[in-house]
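[1] pasting the structure only:
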């Protein structure tokens, strides 16, 4: 290795200290030179067959194997310095089996024929032990084998091939922009993920996939020493299922907020420097912004903000495992039970059309096949305000009288068992032409909220409270200055039924979430939510300012 | 091979450190073996096991550092790993916050390992799940629960003479019991170092009683109430007390962006910020809730008071920030202990004229870091108390409250119990702020 290789691959010369792994990234720290190595598909097939055969010999009636190589890179900076560069790799295999009608799972980092066979045998042993207390036999929706197939995320530039020096330069330039514009502190981070996943099952599928995600973000804080007050503004980027091309700003991807707001949203590329400068100015403005008077307001919510509300109040309640009670001990259940659905009551107003999607290019949820070998698709969840379907996987389809999985099974790594996760869940844009300014022109007393902030919702997804990044008063159809201490509390059905209008396709963009948690042991999943700016009438707004000693 | 003994792990680390030509070299070896079972709808849903060991080598030349890793332990692999760390270190820039590696340290003798936990089998887990399910099925209730156990080790060694080793075990169990009509829900949670203290039936019984007792809850108006917060309402991955302790960083306070920042500069160490009955400390040797005796750098963890009789006593200083500000670094064991009295939850209820018993707070998120304001909801057993008795279940509430305000509104403190590796008493608090109702059960 020479210095040039080193700078090219790891870029430590740019000012980084490379320290042991951060737990948040998972996996083992890894030499970044290994990022660009792959594992031969023929080898993975041979190893998978060893596990599948061992499982069948031990008494499994079904088995699947996932050999996974999960690569993460995180570049962490504050102000003028690089805090850390973490490269981690996690490589191993998970074997899932059905024996005696019961699931069993075991994982190993010994990715050899012997190691795989041993894991398969342990999975069968676990399944058999648990079958003694099993009440419901597992019933899988039929799935044809696809043979040997592959899928690659349609990225333009693999972020792992970009020299770290470039990434460090971008983050430090971002920090400089924030400081020049009045920030007291700034932290910026770039996360990159590559999942190299191989799936094989006794159904006859051998699926090789290459998935990429990227998440540039920052937090800017302004401290006013004289008053002791501090305020922050987070980045308005979105994590995306894209390569490094997301970080080359393009004019056509910038969407201006309403006149008088100084808000800019981003579609398929992100201008990190511009956003950092704006964030510093806005954080400073927040220090002296008017504290909101609590009461009912018409809310105009930008897509970066609304994505989180969609996630919590539509994406989660329609996960069939929650509806059925499988998440009762952790993430919770759902108000949207099958009995509730059968009544046909409106989930939202006629403007509310929500679609589940595992195909949208650039989204975090896009894959060719899910983690139990089902080809992905798009399907409607809410049509004209009425709930029409759930999010489900192979062992759930029969419970709602269907014979097909939706292809939204996922595991965060080789060592965790796959289970039902949220697909991309998005609000369809309005069909009539409407800009954000036109929407605001019709609001007499309201608040425009951009960016997602604090969020909390109950375990059945009725009562939620959301904050945001920046808030602007709307008075008589116009933006009338910044507000602070704003949060809204609402009931899911009241909220979606108060939806009065949705802006058109030209305003549509994704908000993404890199670390959606569910399951025990808890697993993380990444998901996008598309929407256009949307108006909700008469929502309860509270003031969050308090005094402590 | 997941759990290596002290001698086995130090033998590997000795070799690793012996291979180095760097000015400084520290190696960390860690491993964990764990198993779990999950159930819902009175049936097992998933179960699994995990096993992993890894080595991290950090080499330093002056203020330049590099790290490499491996998970094979033959001499050739170990040698390559050290060389790789050294190559990276030679090319790395100088770290402006560099701190030299620690020399030999004296550690307390850890009490965090129990053989009973390390020996758990898939059958033990299936039995526990089966016992929990059977109890609920017999009462026409529905159980959903999770049991995870594990044994782990962590070993450090460097070329300055530092040598450290600790083994730990844990068993974590939680269960939510619901009535079939969905109108009642109860919860119980516990964790142990020693699995022989675990009783799935007894814990499930608590959750079952709460579920049956919480059917047909009545709505109360949101507002300020006297509450009895059980430990599970105070401590969790996102608990109010966990969040309070996590916000004791000295650097953030000195930088002006913490609730512990002083107006005009500096931090609030030495100020009385809480009720004088509040004392919170860490102690790795607490028999009920033991912790790590060294941190990731090898700094010894000792008993440390964070809040003493309501006064902020110590903040968390990294080695770098301690040196910069002329303080002592503070290693954190990862858990905390809040002092309490002798009263049980039942005793606290008896002494309450009007109030609300809260089993659990959930989905807790920060609203304003300036005041440490959090929001979240009650869940799985919320009851109205009148004249010393539970009168009826009440619908769940959303709260907006700061633990700083809460710990100034103390009415009574009960007997601490272990939860999440911490020791936490139930608290009776006046004027706790509920801001809206939730229909969730």
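    Structure received. Since we're looking at a predicted model, the values are computed, not measured.

[2] any low-confidence regions in chain A?
    A:1-37 (pLDDT under 70).

[3] Which parts of it are helices?
    For chain A, the helices defined by DSSP state H cover A:3-9, A:41-57, A:113-131, A:164-180, A:272-288, A:303-310, A:320-324, A:338-342, A:436-441, A:492-497.

[4] between those helices, which gets nearest to residue A:332?
    Among the helices of chain A, the nearest to residue A:332 by CB to CB is helix A:320-324 (6.5 Å). Using the backbone N, CA and C atoms, a C-beta is placed for each residue, glycine as well.

[5] Quick check: residues of the stretch 151-300 of chain B near chain A?
    B:174-176, B:178, B:182, B:185, B:255-257, B:259, B:261-265, B:273, B:296 (CB under 8 Å from any CB of the partner chain).

[6] rerun at 6 Å
    B:174, B:176, B:256-257, B:263, B:273 (CB under 6 Å from any CB of the partner chain).

[7] quick one: which of those is most hemmed in?
    Using other CB atoms under 10 Å in any protein chain shown as the neighbour test, those are led by residue B:176, with 30 neighbours.

[8] can you pull the pLDDT of that one?
    Listed pLDDT for residue B:176 reads 98.

[9] and residue 226, how many residues sit next to it?
    With no chain named, the answer covers chain A. Residue A:226 has 8 nearby residues by other CB under 10 Å.

[10] meant chain B actually
    17.

[11] How about residue B:21?
    Look at residue B:21: counted by other CB under 10 Å, it has 10 neighbours.

[12] What are the phi and psi values at it?
    phi -120, psi 10 (degrees, to the nearest 10).

[13] What are the buried residues along the helix or strand hosting residue B:361?
    Secondary structure from DSSP states H and E places residue B:361 in strand B:354-368. Within strand B:354-368, the residues that count as buried by 16 or more other CB atoms under 10 Å in any protein chain shown are B:355-368.

[14] for stretch B:403-412, same thing?
    Neighbour-count burial for stretch B:403-412, counted by 16+ other CB under 10 Å, picks out B:403-412.

[15] Can you name the residues in contact with that stretch?
    Stretch B:403-412 is touched from outside by A:548, B:240, B:244, B:274-275, B:277-278, B:348, B:372, B:428-431, with contacts defined as CB atoms under 6 Å, 6 or more residues apart in numbering or on different chains.

[16] re earlier: dump the helices of chain A into CSV; add mean neighbour count and distance to residue B:158 as well.
    Converted to CSV, these look like this (neighbours: other CB atoms under 10 Å in any protein chain shown; distance: least, CB to CB, whole Å):
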stretch, mean neighbour count, distance to residue B:158
helix A:3-9, 15, 24
helix A:41-57, 19, 38
helix A:113-131, 23, 32
helix A:164-180, 20, 27
helix A:272-288, 21, 39
helix A:303-310, 27, 45
helix A:320-324, 24, 47
helix A:338-342, 13, 60
helix A:436-441, 20, 58
helix A:492-497, 20, 54
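
[17] Now render the ones you listed as CSV, adding distance to chain B.
    Output for those, formatted as CSV (distance: least, CB to the nearest CB, whole Å):
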stretch, distance to chain B
helix A:3-9, 5
helix A:41-57, 14
helix A:113-131, 4
helix A:164-180, 10
helix A:272-288, 11
helix A:303-310, 11
helix A:320-324, 7
helix A:338-342, 9
helix A:436-441, 26
helix A:492-497, 9
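
[18] Would you reformat those helices as a markdown table and include distance to residue B:75?
    Shown next, in a markdown table, are these (distance: least, CB to CB, whole Å):
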| stretch | distance to residue B:75 |
| --- | --- |
| helix A:3-9 | 26 |
| helix A:41-57 | 26 |
| helix A:113-131 | 22 |
| helix A:164-180 | 31 |
| helix A:272-288 | 46 |
| helix A:303-310 | 52 |
| helix A:320-324 | 48 |
| helix A:338-342 | 61 |
| helix A:436-441 | 65 |
| helix A:492-497 | 61 |
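
[19] Out of the ones you listed, the one nearest residue B:85 is which?
    Here helix A:3-9 is closest among the helices of chain A (CB to CB), at 12.8 Å.

[20] what are the phi and psi values for residue 336?
    Just going to use chain A. Note on residue A:336: its backbone torsions stand at phi -90, psi 60 [degrees, to the nearest 10].

[21] look at chain B instead
    phi -140, psi 160.

[22] That one contacts residue B:245, correct?
    Yes. Under the criterion of CB atoms under 6 Å, residue B:336 makes contact with residue B:245 at 5.1 Å.

[23] In chain B, mark out all the helices, start to finish.
    Applying DSSP H to chain B gives helices spanning B:6-18, B:75-91, B:115-118, B:122-138, B:200-213, B:231-234, B:240-246, B:250-254, B:319-325, B:345-350, B:403-406.

[24] most packed of those?
    helix B:231-234 (a mean of 27; mean count of other CB atoms under 10 Å in any protein chain shown).

[25] if we can go back for a sec, average model confidence for the strand holding residue B:361?
    97.

[26] ok now it, how far from the chain's centre?
    Counting by CA atoms, centre = their mean, to the nearest Å, strand B:354-368 is centred 18 Å from the centre of its parent chain.

[27] That one near chain A anywhere?
    Yes. With CB under 6 Å from any CB as the criterion, chain A is reached by strand B:354-368 at B:363, B:365, B:367-368.

[28] Okay, domains of the chain per the record?
    Reading this off chain A. A:3-214, A:295-543 (automatic domain parsing).

[29] actually chain B
    Chain B breaks down by automatic domain parsing into domains covering B:6-210, B:213-240+B:341-437.

[30] Least confident of those domains, on average?
    Note on the domains of chain B: lowest mean pLDDT is at domain B:6-210, with a mean of 94.

[31] Between the two ends of it, how far is it?
    End-to-end span of domain B:6-210 (CA to CA, to the nearest Å): 45 Å.

[32] returning to what we had before: would you list the domains of chain B in a markdown table and tack on distance to residue A:186?
    Shown next, in a markdown table, are the domains of chain B (distance: least, CB to CB, whole Å):
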| stretch | distance to residue A:186 |
| --- | --- |
| domain B:6-210 | 16 |
| domain B:213-240+B:341-437 | 16 |
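
[33] Of those domains, which is nearest residue A:364?
    Among the domains of chain B, domain B:213-240+B:341-437 sits nearest to residue A:364 (CB to CB), with 21.2 Å.

[34] Dump the contacts of stretch B:403-412 to JSON lines, plus distance to residue B:216.
    Formatted as JSON lines, the contacts of stretch B:403-412 follow (distance: CB to CB, whole Å):
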{"residue": "A:548", "distance to residue B:216": "38"}
{"residue": "B:240", "distance to residue B:216": "29"}
{"residue": "B:244", "distance to residue B:216": "35"}
{"residue": "B:274", "distance to residue B:216": "38"}
{"residue": "B:275", "distance to residue B:216": "36"}
{"residue": "B:277", "distance to residue B:216": "37"}
{"residue": "B:278", "distance to residue B:216": "37"}
{"residue": "B:348", "distance to residue B:216": "25"}
{"residue": "B:372", "distance to residue B:216": "36"}
{"residue": "B:428", "distance to residue B:216": "26"}
{"residue": "B:429", "distance to residue B:216": "27"}
{"residue": "B:430", "distance to residue B:216": "28"}
{"residue": "B:431", "distance to residue B:216": "28"}
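
[35] Would you write a PyMOL line that selects the buried entries of the residues you listed?
    Buried residues among the contacts of stretch B:403-412 (16+ other CB under 10 Å), as a PyMOL selection:
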select buried, chain B and resi 240+244+274+275+278+348+372+428+429
